[in-house]
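> got a predicted structure here, sequence first:
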Amino acid sequence: MNIVEMRGITKRFGTLVANDKVDIDLGRGEIHALLGENGAGKSTLMKILYGLYQPDEVTITIEGRTQPIRSPAEAIERGVGFVSQHFSLVPTFTVAENILLGYEQQFRLDPAQMHTRVAQLATDNGFNIDPSAIVGKLSVGQQQRVEILKAIFRDCRVLILDEPTAVLTPRDTQSLFEILLKLCAQGLAVIIITHKLEEALQHSQRVTVLRHGKVVGSQETSSTTSAELARLMVGRQTTPVQRPANANASEPVVLEVSGLSVADKRGVHALNAVNFQVRAGEIVGIAGVAGNGQSELVSVLTGMLQPQRGAMRVDGQAVAFGDPRACTRHKIGRIPEDRLRGVIGDLSVADNLMIEQLDQFTIVGHLQPHAILEHAQRLINDFQIKAAPNDPVRTLSGGNIQKVILARTLAQDPAVVIAAQPTRGVDIGATEYVHQKLLEQKQRGAAILLISEDLDEILLLSDRILVMYNGRLVGEFDAAAVDLDRLSLLMTGAEKTG
Amino acid sequence: MMTLGLKFERLPSPVWVRAAIPFVAIAITFALVSVLVILAGANPFAVAYELLIDPLTKNSARGDILVMATPLLLTGAAVALAFAGGYYNIGAEGQLLAGAAAAAWVGQFVGDLSPWLAIPVMITGGFIAGALWALIPALLKVRLQVDEVVTTLLMNSIMGYIISALLNGPWRDPVSGWPQSPTIALSAQFPQIIPRTRVHFGFIVAAVVVIALWWILTRTRFGLELRAIGKNRDGAQFLGIRVERTMLAVALISGGIAGLAGVSEVAGIHYYLIGSLSPGYGYTGIIVATLGALAAPGVVMAALFLALVSRGALTASRELDIPIYLADVIQAVLLLVMLAVLLLTRYRIRRA
């Protein structure tokens, strides 16, 4: 019998349908992988099960009892546990205190007794954890185990893990699944939200794939292949064909990046020996599932992060890393991933439009209000920004803020454009406008690097597509001849080399 | 956010609401403190008159308001500049005392110079002393990300003890034995600028500083950059502004301006340094800057208003025989209400 049955789950956020009549079943003692790209609706679905969101239409049946779940407290009471990517632990408390927090009945705490209880719980479930350790001093993998133990202590029968391996080293990942297998043998049902294919294939019994909020496949893991899952996950019917004339391979290389490596404090590589070139009049798209090093790449290329190794050249000249001014000097136009970082919201539209070129708008340290205003009015006209020059930028809509950034960047006639998620969260009209402007820049001869989680956008605009997985560029396609199946496999890490 | 069918939106209020703020705040304060005033046996309307209207009717009282406003204009400007740049300088009090000590020291040795030279030298000395006292927390902030709120605040106590050590040690008055520094030279003492009042040259210094503050914040590249940093540090960094350098400059200039407040009190009022030189002007400067919305015109209004109420409190307690502390209470309530009302103006209430 299934322990959880969710039927016809529909959840809308405004006009966006995050979950569209989703059905999902979870068997006792199984590990169920929930696969999908970013924004496919995996997390929304699980937050509904955990009572964080109220669905519009729903029946949720847990252990034969059909009843809506109105809050996480109700979910916990009915045996659902949730371990998110951001742990809800008190770092300065011990393991025992964290696990028993809120579940101690007496006013007076008895540390010795708490220690024994948690130690017993840990041994019973095969956890190797010291109950008196301070949580903040544990490794991420150990903290995750504390979270799981906490859920088990609360008599959890259904455990949801949101991207559990995103923060783990390979070794921790291995021991996580060993623990989960043991717990499943005792009857625990586990749902793992993930976008990593191998993980789903290796460790789950059942896999459900979501795309655009809909279930596009649900089957026994043993009866499927990575190729099939990748196609389901990324799946596109046809490649859009309407594209401008392709870049000429004889154009000079403008942007050249070589041997770029970024490692975090633990030595895990966010970027690993990344090399690529972009020619004048060419749009190169970086495709990939979020979290595979794209953010770090953007940060390095926009002067916000110092890589451990590597070099970047524009027109053959080396660009200093970690210095945003160097980018402006080398005529690198930057459209940042987080648009609220690209503007100062409390300053006016006019100020934001010229703030990268302060030298041109100041005379001996004095701002030139007339020149600033004229410049702003010209760009507001040219880029159809719906705002007055003196409006604070934060009062604008997302699309108009993006236009402010675009106007500032493109009006400087950049040699290189780094466009990171240029249409994230903007409406269709603004999206088309941004695309049109990027194509204009291409015609003008700029070298454009487009980093986007939106594969359709990459397919639509790029002349060449590079695939990023796990901090490496793992494949290259000519946009005219994209093999979507192979692209999907590369993006999800099912195929290692390209 | 939904409450009782009403929706709160984070949108600034219309202009007419903002113009009415002081009056609304005064009315609310009046209602709140009336109870206390009646318990103290006075007429609330009479107290309101003494506090807010009476000082404006007399020439000498009007002068006193300017005298009292002088240090507040300076510390208010110092704090407003720093806060606008996102540097939370709580150390204006210590920087003021550093400037005062420098003025008392320099002032002893400039007797041979003409006032045209002596006064600028002393002012420069006070500015540098204030800036130097601000340097340590500023460096800690910029280089090591040490929270400036804590360091600048603690530096105030340190300076308080240094002043105390100076006054009880090397600078103790040799004749009277009082803990006060020797009187500064006549040529270093600020001249009176309005006859038959105590308004002194320090007020002109303060006026120049406030105008400079306005000009820096609204007209210069430096001002734009510091506002950008204050509003969105990451964004400013991304846009190529030299965040660390600008912040350091902001911290030092802020400290220097606070130092000028100390110079003005020594050279314009006391002519020597005493431990009780400042009744917390550095802290009141935070209130002035906040009430003044971190802009020069607001700083002027807030400083003059606080000076008015302080001056009014003196006569109110004398004339109406109410405890002087009641005036303090009224001031405190007024400030809290004013801040609360200012906060509310950031929102609009709509029917959901």
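Here it is on my side, so go on.
> show me what contacts the residue of the stretch 51-200 of chain B found nearest chain A?
Of all residues in the stretch 51-200 of chain B, B:A84 sits closest to chain A, at 10.6 Å by Cβ to the nearest Cβ. In this view, the C-beta of every residue, glycine as well, is placed from N, C-alpha and C. Applying Cβ atoms under 8 Å, 6 or more residues apart in numbering or on different chains to B:A84 gives the contacts B:217, B:226-227, B:230, B:294-295.
> so how far is B:I229 from it?
9 Å (Cβ to Cβ, to the nearest Å).
> could you find the closest non-adjacent residue to the closest residue to chain B within the stretch 351-498 of chain A?
When you check the stretch 351-498 of chain A against chain B by Cβ to the nearest Cβ, the closest residue turns out to be A:T362, at 4.4 Å. Closest residue to A:T362 apart from its sequence neighbours, by Cβ to Cβ, 6 or more residues apart in numbering or on different chains: B:R221 at 4.4 Å.
> ok, the residue nearest in space to the middle of chain B - contacts?
Nearest residue to the geometric centre of chain B (Cα atoms, centre = their mean): B:G285, 2.4 Å. Contacts here follow Cβ under 8 Å, 6+ apart; on that basis B:G285 touches B:72, B:74-76, B:78-79, B:92, B:258, B:261.
> which of those fall within helices?
The subset of the contacts of B:G285 located in helices under the criterion DSSP state H comprises B:72, B:74-76, B:78-79, B:92, B:258, B:261.
> shaky segments in the stretch 51-200 of chain A?
A:167 (pLDDT under 70).
> the residue nearest to A:T362 contacts A:V364, correct?
No - checked against Cβ atoms under 8 Å, the pair B:R221 and A:V364 is beyond contact range at 9.2 Å.
> which one's more surrounded, those two?
The residue with the greater number of neighbours, taking B:R221 and A:V364 and applying other Cβ atoms under 10 Å in any protein chain shown, is B:R221; the counts read 20 against 6.
> can you give me the strands in the stretch 101-250 of chain A?
A:158-162, A:189-194, A:206-211, A:214-220 (DSSP state E, counting those that start in this stretch).
> show me what the shortest one is packed up against.
Looking back up the chat, that one is strand A:158-162. If you count contacts as 3 or more Cβ pairs under 8 Å, 6 or more residues apart in numbering or on different chains; DSSP states H and E, strand A:158-162 packs onto helix A:42-49, strand A:80-83, helix A:140-153, strand A:189-194.
> between the third one and strand A:189-194, how many degrees?
Translated: helix A:140-153. 150 degrees (axes from the mean of the first three to the mean of the last three Cα atoms, to 10 degrees).
> roughly how far is helix A:140-153 from the heart of the chain?
Shown here is helix A:140-153, whose average C-alpha point lies 24 Å from the average C-alpha point of the whole chain (Cα atoms, centre = their mean, to the nearest Å).
> any idea of the angle it forms with strand A:158-162?
Between the direction of helix A:140-153 and that of strand A:158-162, the angle (the same axes, to 10 degrees) works out to 150 degrees.
> would a markdown table of the helices and strands packed on strand A:158-162 with mean neighbour count and distance to chain B be doable?
Compiled in a markdown table, these are given as follows (neighbours: other Cβ atoms under 10 Å in any protein chain shown; distance: least, Cβ to the nearest Cβ, whole Å):
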| stretch | mean neighbour count | distance to chain B |
| --- | --- | --- |
| helix A:42-49 | 24 | 20 |
| strand A:80-83 | 24 | 25 |
| helix A:140-153 | 21 | 24 |
| strand A:189-194 | 25 | 29 |
